[in-house]
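Visitor: here is a sequence together with a model predicted from it:
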Amino acid sequence: MNTIQTIEMADALNEVAAVLRGKAGRTGRTKDAYTATPTPRLYGDRLFGLCGTNDVISALVEDDAFLRWLSWRRNNLHTITVKVLSWEGPAGASSGQPSHGYMTDPCAQPYSVEWGRCNICFYKGLYGRCGQDIAMVELDEKYCENEPILRIDGALVSNNAEWQAALAANILRDDISQDLIIGNHGASAAMFSGLENIVKTGYVDCETLDACTHVDSIVVDWGSQGVGGFAALLQELIGRIRMRARSAGGVDDNNIVIMARTEMRDCIVNEFACEQPCGTGSAGNPIINVAVDARAARDRYLVGGQNGDGYIVVAGHPISFLVNDWLPVESCEGGGAGSYVSDVYILVRRIGPREVFYGVYHDMTSPVGIANGYGAKFQATDGGRFVVYSDFDETCFKTCILVKPGLVCEAPWAQARIQNVCCSMVELAPVTPDERDEYGINFSDLYQAGVEPGR
C-alpha cells in the first residue's frame, strides 16, 4: 500500500471513530517524598467506562465490577514508588529499649523519636488486542445481522470495522480484569501485579530489599474449610483493619468491601443469615420461626449494598460485597461432591481523606503526538487511555488497541486475604468469564460464528 492509500485509509478510520463518538453519547500520582497529596485525575475515574473526551473504546465496552470500584488516574512514571512511613515510636524502640515521655527534670531536653520507612514499587503493564483482518470492500457488509453486538448505549454496531474493534476491546477488558487478580510483574515485566501479588505478606523495600513487615497485608489460610465460623473471622479481620486505620482518619463503610465469587458470596450470606436465628435458644427463651427468620435475613442480605451485590452486618457496620467471578476457583479436595475452593478478599480503597487503592494508566496523548510527528497514524482515544491504530496490507487492514494500566496500593496493611475457603453447591458447578479455564463459559454453545455463505 502506498503512502496516499495509507493516509486515505487512516482518514476513513478517523471518520468511523467520529461517528462512534457522535452516536454513543456519554453517561457519565505519583507521590513526592512522604506527602499524601494526590494528583488530580484527568478524565473521570474509569478505565473503560464513558467518562471523557474522544470516547471511542468506551462506547463499545464497560468496566466490570472491580474496574468500576477502583478509581483510575493518569500516571506516566515508569516506576510508581509509594513511600510508606511503616512505623513510628519513641527513641530506643528499635533496640528494644523505648524511652519514656515523662520528664523528671523540667529543664532537660525531651527524648527523641524513631520511625521506619519502606519504599513499595508498582509498575504498569502493556496490553493490546487486534481485531481480525477486514477487506476494505467488505466494510459495509454487516456481521451484526447474524452476530449482533451493541454499543453500551444500546445502538447496534453497524459495520465490520467497529464490530472487530468491539471484539478486541471486550477481550482486552477481560485480559485486564483477569490480571487484576492474578497479574505478576515479577514473572513478566509486561504485566502489572494484581491482588494475589499485592494483598500478601513478605513485603520488602524495593530499593534496599529490607523487610517491611509492618506493611504486610493480613493473610489467613482457611485450610479448605467451609464458611462455618466466618462471622467471627470477618469481625476480627475488619476490626483489626479499622483499628490500624483509626489514627489516619479511619475507614467508612462505603470504602470497604468483601470481594468474593458469586457462589462464595451466597455461602457467606447463608452463614450470616443463620448465625442468629439458627441457635438452640435456652430454657424460657426458645428461638422460634428459625427457618422463616433465616430466610428473611438471607433475602435481605442478598440485595442492595453499595455495589448491588448485597451486604452483611459486621460489628454493627453494613459491609458490601463486591462479586468478582474472575477470582480463581478449583474443586475442594476433601470438601465432598459439589464443593469448590476460592479466596475471599477484604479491600479498602480510602482511609480518611486519602485514596490508598487505585488504578493507573499511561496517558498516550503525548507519545502518539510524537510518533505522528514522524509520519505515524495513531489515535489517542478516550482521554488518552487507549491507542488505536490500523495495520494495513494492500486493501485489507486490522484495528488494534493498546493500553498501559497498573494497580497501586499505598496501604497493603489495610487489605486482607482469606485463602482456601470452601463452598458447597447443590447441583451446578461454578463458572468463570475465562473461556480458557476449566470452569470457563463456552460461548461457542451460544454463538455459531461461521463463514458467511459464498466466502
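Guide: Sure, I can see it. Everything quoted here is computed from the prediction, not taken from an experiment.

Visitor: use CA for all of it now, contacts and neighbours both
Guide: Fine.

Visitor: next, V199: phi, psi?
Guide: Phi and psi for V199, reported as degrees, to the nearest 10, are phi -90, psi 90.

Visitor: pLDDT wise, what is it at?
Guide: Looking at V199, its pLDDT stands at 97.

Visitor: that one and S217 touch, don't they?
Guide: Yes: using CA atoms under 8 Å, V199 is in contact with S217, at 5.5 Å.

Visitor: how about the helices in the protein?
Guide: 3-24, 65-69, 160-182, 230-245, 262-275, 290-301, 365-372 (DSSP state H).

Visitor: who wins for proximity to K404 among those?
Guide: Closest to K404 of the helices of the chain is helix 160-182 (CA to CA; 9.9 Å).

Visitor: what average pLDDT does that closest one get?
Guide: Taken as a whole, helix 160-182 has an average pLDDT of 87.

Visitor: tell me what that helix is packed against?
Guide: Helices and strands touching helix 160-182, by 3 or more CA pairs under 8 Å, 6 or more residues apart in numbering; DSSP states H and E, are strand 127-130, strand 396-403.

Visitor: swap in 10 Å and give it another go.
Guide: Contact analysis of helix 160-182 by 3 or more CA pairs under 10 Å, 6 or more residues apart in numbering; DSSP states H and E lists helix 3-24, helix 65-69, strand 127-130, strand 134-135, strand 396-403, strand 405-409 as its packing neighbours.

Visitor: now do the contacts for the residue sitting nearest the centre point of the chain.
Guide: By CA atoms, centre = their mean, the mean C-alpha position of the chain lies nearest to F66, the distance being 3.9 Å. Residues near F66 by CA atoms under 10 Å, 6 or more residues apart in numbering: S177, L180, I181, M259, N307, L322, V323, N324, W326.

Visitor: what's opposite the fourth one in the beta bridge?
Guide: Pointing back at M259 there. With DSSP bridges as the criterion, M259 is bridged to L322, Y345.

Visitor: per-residue pLDDT, R151?
Guide: We have a pLDDT of 71 for R151.

Visitor: domain ranges for the protein, per the record?
Guide: Using automatic domain parsing, the domain ranges for the chain come out as 3-63+126-184+363-403, 221-356+410-433.

Visitor: adding distance to H100 and mean neighbour count, write those domains out as a markdown table.
Guide: Shown next, in a markdown table, are the domains of the chain (distance: least, CA to CA, whole Å; neighbours: other CA atoms under 10 Å):
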| stretch | distance to H100 | mean neighbour count |
| --- | --- | --- |
| domain 3-63+126-184+363-403 | 27 | 18 |
| domain 221-356+410-433 | 21 | 18 |
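
Visitor: now distance to I120 too, for those domains, in CSV please.
Guide: Compiled in CSV, the domains of the chain are given as follows (distance: least, CA to CA, whole Å):
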stretch, distance to I120
domain 3-63+126-184+363-403, 12
domain 221-356+410-433, 8
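
Visitor: G96: which of the ones you listed is closest?
Guide: Nearest to G96, of these and by CA to CA, is domain 221-356+410-433 at 21.7 Å.

Visitor: how long is that closest one from one end to the other?
Guide: 25 Å (CA to CA, to the nearest Å).

Visitor: same question, stretch 56-67
Guide: One end of stretch 56-67 sits 18 Å from the other (CA to CA).

Visitor: over to stretch 132-151?
Guide: 19 Å.

Visitor: returning to that earlier point: need the overlap of contacts for V199 and S217.
Guide: Common neighbours of V199 and S217 (CA under 10 Å, 6+ apart) are A411, P412, W413, A414, Q415, A416, R417.

Visitor: show me what contacts the nearest residue to the fourth one once chain neighbours are set aside?
Guide: Think A414. Excluding the flanking residues, the one nearest A414 by CA to CA, 6 or more residues apart in numbering is I241, at 5.3 Å. Applying CA under 10 Å, 6+ apart to I241 gives the contacts S217, I218, G250, V251, I256, I346, L347, V348, W413, A414, Q415, A416.

Visitor: in strands, which of the residues you listed fall?
Guide: I218, I256, I346, L347, V348, A416 (DSSP state E).

Visitor: relative to V426, which of those residues is nearest.
Guide: For the ones in strands among the contacts of I241, the nearest to V426 is I346 (26.3 Å; CA to CA).

Visitor: just to check, the closest one is in contact with F321?
Guide: Yes: contact status for I346 versus F321: in contact at 9.3 Å, counting by CA atoms under 10 Å.

Visitor: Q419 pairs with what?
Guide: Beta bridges link Q419 to D221, judged by DSSP bridges.

Visitor: distance of it relative to E196?
Guide: Counting by CA to CA, the gap from Q419 to E196 is 10 Å.

Visitor: list residues touching both of those two?
Guide: D343, Y345.

Visitor: all strands of the stretch 1-150 of the chain, in order?
Guide: 72-74, 79-90, 113-123, 127-130, 134-135 (DSSP state E, counting those that start in this stretch).

Visitor: among the ones you listed, which is nearest A273?
Guide: Closest to A273 of those is strand 72-74 (CA to CA; 35.2 Å).

Visitor: mind listing what's buried in stretch 81-95?
Guide: T81, V82, K83, V84, S86, P90, A91 (16 or more other CA atoms under 10 Å).

Visitor: pLDDT (mean, whole number) over it?
Guide: On average, stretch 81-95 scores 81.

Visitor: quick one: that stretch to chain centroid distance?
Guide: Centre-to-centre, stretch 81-95 and its host chain are 30 Å apart (CA atoms, centre = their mean, to the nearest Å).

Visitor: okay, that stretch in CSV with CA atoms only?
Guide: Provided in CSV are the C-alpha atoms of stretch 81-95 (Å, rounded to 0.1, in the frame of the first residue of the first chain):
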residue,chain,number,x,y,z
THR,A,81,7.2,4.4,44.2
VAL,A,82,5.0,4.7,47.3
LYS,A,83,6.9,5.8,50.3
VAL,A,84,5.4,4.4,53.4
LEU,A,85,6.0,5.5,57.0
SER,A,86,5.9,1.9,58.2
TRP,A,87,6.1,2.6,62.0
GLU,A,88,6.9,5.3,64.5
GLY,A,89,7.8,5.2,68.2
PRO,A,90,9.9,6.7,71.0
ALA,A,91,13.7,6.8,70.7
GLY,A,92,15.2,3.4,71.6
ALA,A,93,12.2,1.4,70.4
SER,A,94,14.2,-0.2,67.6
SER,A,95,16.7,-1.6,70.1
